[in-house]
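**Q** sequence plus predicted model, see below.
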Amino acid sequence: MESVEEKFKALSIARRIQPSEPTYLLDMSVQSVSGPGPGLLAVCCSNRSIHLHCKDNLTLLGEYQGHGGPLCGVSFAHRSPDLLFSGSADGTVRTWDVRRPGSEAVQVFRSDPYHHFCSFDVSCSDEVLCAGTEQVDGDDSFLVFWDGRMTKEKSCGVLGVYSESHSDDITQVRFHPSNKDRLASGSTDGLVNVFDLSQGTEEEALMATCNSGSSASSVCWAGKDLNQLLCLSHDEGMHLWDLGQIDTNEPLTVFGTPDARSLTPLSDGRPLDYLVSGMWLEEEQCLLVLGGENRGDLHVLECSGKGLRLVKSLRGGHSAMVRCFVWDPEGGALFTGGEDAQLLLWKPGAQELTSGKRDTLKSGSAIKLKSRPHKKHGYQKREEA
């Protein structure tokens, strides 16, 4: 089996595209393809549009519009890869048919009018959609659930709502990659909660509450049995928890630090400026974190109980902060996008058709990530009655 170093050391820029207007690239998702065809890459932008690209050469195939607020994420369905989901602060999660680029949404999932979503995800079975709201009226925030299979219905009611587990913006919701009933949520209140959705009530479903020590920005499932959970915070903290220890007296924390930027000095001795998010490579059984410098260089880091280790530096690509990335295991390729409006495709041994880092199109009016003071909580194991 090819090692992580071998897989990433040969990465170089294969293609890059840059729109004519200053648009942040906020999130992306790659289509899993089992049949013929190159597959697709979906990218959501700060101008509220979703771009559909060929993942082999980044050719723009179409654009979806319809959301009335900033986008909070995009995700292909797992078992129905022709369906694409997007969430927005307009209080909707929408379903798009990628066989009809540019068409209207085939379904709109709504909640209460005062709900503004800042995160969403779809379960590995495509059966359940979940969106996390901003804080409502200075009080609580909500996890809202729908039946994700209701894409042909004109009206799709909410399956249920969790209202007691977070008290501030829910910045991330992540379903388990293989357990359709397992869900993790992170919030600016500092908490990361883990739920078993097969249980009847919210109180019964809450398996564990972990304290990130700060405003949680991203959550990633990891580990040999996918029982670990990585959390990054808006102030560049990092925590890795082992949920396999929930029913034991052992601590959940495998590794934690309030600031991970200086743990892995770069080749010139300087620290990272920021962390993007993490990704678990199933084939290599390895947890990677992508970090960057404000000038645009990226660095791939391996994360374990010992901390961080530099695997590969990716230079000469972006000219501003990177906001999102996705690894395509089928094509052995890395896609990155950010505040310079550039979308880059990195592949082993590639030679860019047009070389040279592009000037940034960063806009002073573009969306800024929010980071609120977090509330102090310790992690708790759910007590059985």
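**A** Alright, I've got the coordinates.
**Q** with adjacent residues omitted, what lies nearest to residue 264?
**A** Nearest non-adjacent residue to residue 264, counting by Cβ to Cβ, 6 or more residues apart in numbering: residue 308, 4.4 Å away. Bear in mind the C-beta positions are built from the backbone N, C-alpha and C, glycine included.
**Q** mind listing the helices for this structure?
**A** Assigned helices in the chain, in chain order: 4-9, 202-205 (criterion: DSSP state H).
**Q** now the shortest one: average pLDDT?
**A** Averaging pLDDT along helix 202-205 gives 97.
**Q** would you confirm that residue 130 contacts residue 144?
**A** Yes: applying Cβ atoms under 8 Å as the test, residue 130 and residue 144 come out as touching, 6.9 Å apart.
**Q** identify the residue nearest residue 117 in space, chain neighbours excluded?
**A** Closest to residue 117 by Cβ to Cβ, 6+ apart is residue 131, at 4.4 Å.
**Q** OK, contacts around the one you found?
**A** Residue 131 makes contact with 72, 87, 93, 109, 111, 115, 117, 119, 120, 143, 144, 173, according to Cβ atoms under 8 Å, 6 or more residues apart in numbering.
**Q** what's the burial count for the fifth one?
**A** The one in question is residue 111. By other Cβ atoms under 10 Å, the residues close to residue 111 number 20.
**Q** would you mind measuring from it to residue 160?
**A** 11 Å (Cβ to Cβ, to the nearest Å).
**Q** residues shared between the contacts of those two?
**A** If you check residue 111 and residue 160 against Cβ under 8 Å, 6+ apart, no residue is contacted by both.
**Q** ok so, going back, output the helices of the chain in a markdown table; the columns should cover mean neighbour count.
**A** Below are the helices of the chain laid out as a markdown table (neighbours: other Cβ atoms under 10 Å):
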| stretch | mean neighbour count |
| --- | --- |
| helix 4-9 | 16 |
| helix 202-205 | 16 |
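**Q** I'd like to know which of the ones you listed is closest to residue 77.
**A** Closest approach to residue 77 among these (Cβ to Cβ): helix 202-205, 23.5 Å.
**Q** what packs against the closest one?
**A** Applying 3 or more Cβ pairs under 8 Å, 6 or more residues apart in numbering; DSSP states H and E, one finds that helix 202-205 contacts strand 191-196.
**Q** grab the nearest non-local neighbour of residue 119.
**A** In space, and not counting its chain neighbours, residue 119 is closest to residue 132: 4.1 Å by Cβ to Cβ, 6+ apart.
**Q** can you check residue 13 too?
**A** residue 352 (4.4 Å).
**Q** quick one: that neighbour and residue 58 touch, right?
**A** No: in this structure, residue 352 is not within contact of residue 58 by Cβ under 8 Å, at 11.6 Å.
**Q** now list whatever residues contact both of these two.
**A** 15, 16.
**Q** more neighbours: which of the two?
**A** Neighbour totals were compared for residue 352 and residue 58, and residue 58 leads with 19 against 16 (other Cβ under 10 Å).
**Q** what sits against that one?
**A** 15, 16, 17, 41, 343, 345.
**Q** specify the beta-bridge partners of the third one.
**A** If I follow you right, that is residue 17. Residues in a beta bridge with residue 17, per DSSP bridges, are residue 343.
**Q** just checking, it touches residue 342?
**A** Yes: with contact defined as Cβ under 8 Å, residue 17 reaches residue 342; the gap is 7.2 Å.
**Q** more neighbours: which of these two?
**A** More crowded of residue 17 and residue 342, by other Cβ under 10 Å: residue 342, with 24 against 18.
**Q** dihedrals phi and psi, the nearest residue to that one once chain neighbours are set aside?
**A** Of all residues not flanking residue 342 in the chain, residue 18 sits nearest, at 4.8 Å (Cβ to Cβ, 6+ apart). In terms of degrees, to the nearest 10, the main-chain angles of residue 18 are phi -140, psi 120.
**Q** which stretches of the stretch 1-150 of the chain form strands?
**A** Taking DSSP state E, counting those that start in this stretch, the strands of the stretch 1-150 of the chain run over residues 11-17, 25-30, 40-45, 50-54, 60-64, 71-76, 83-88, 92-97, 107-110, 117-122, 128-133, 143-147.
**Q** please name every helix or strand in contact with the second one.
**A** Judged by 3+ Cβ pairs under 8 Å, 6+ apart, the packing partners of strand 25-30 are strand 40-45, strand 71-76, strand 322-328, strand 333-338.
**Q** dump these to TSV, plus mean pLDDT, mean neighbour count and distance to residue 51.
**A** Listed next are the helices and strands packed on strand 25-30 as TSV, based on pLDDT from 0 to 100; neighbours: other Cβ atoms under 10 Å; distance: least, Cβ to Cβ, whole Å:
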stretch	mean pLDDT	mean neighbour count	distance to residue 51
strand 40-45	96	25	5
strand 71-76	97	24	10
strand 322-328	96	21	12
strand 333-338	96	25	10
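**Q** any chance of those strands in a markdown table, plus distance to residue 266?
**A** Output for those, formatted as a markdown table (distance: least, Cβ to Cβ, whole Å):
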| stretch | distance to residue 266 |
| --- | --- |
| strand 40-45 | 28 |
| strand 71-76 | 30 |
| strand 322-328 | 15 |
| strand 333-338 | 18 |
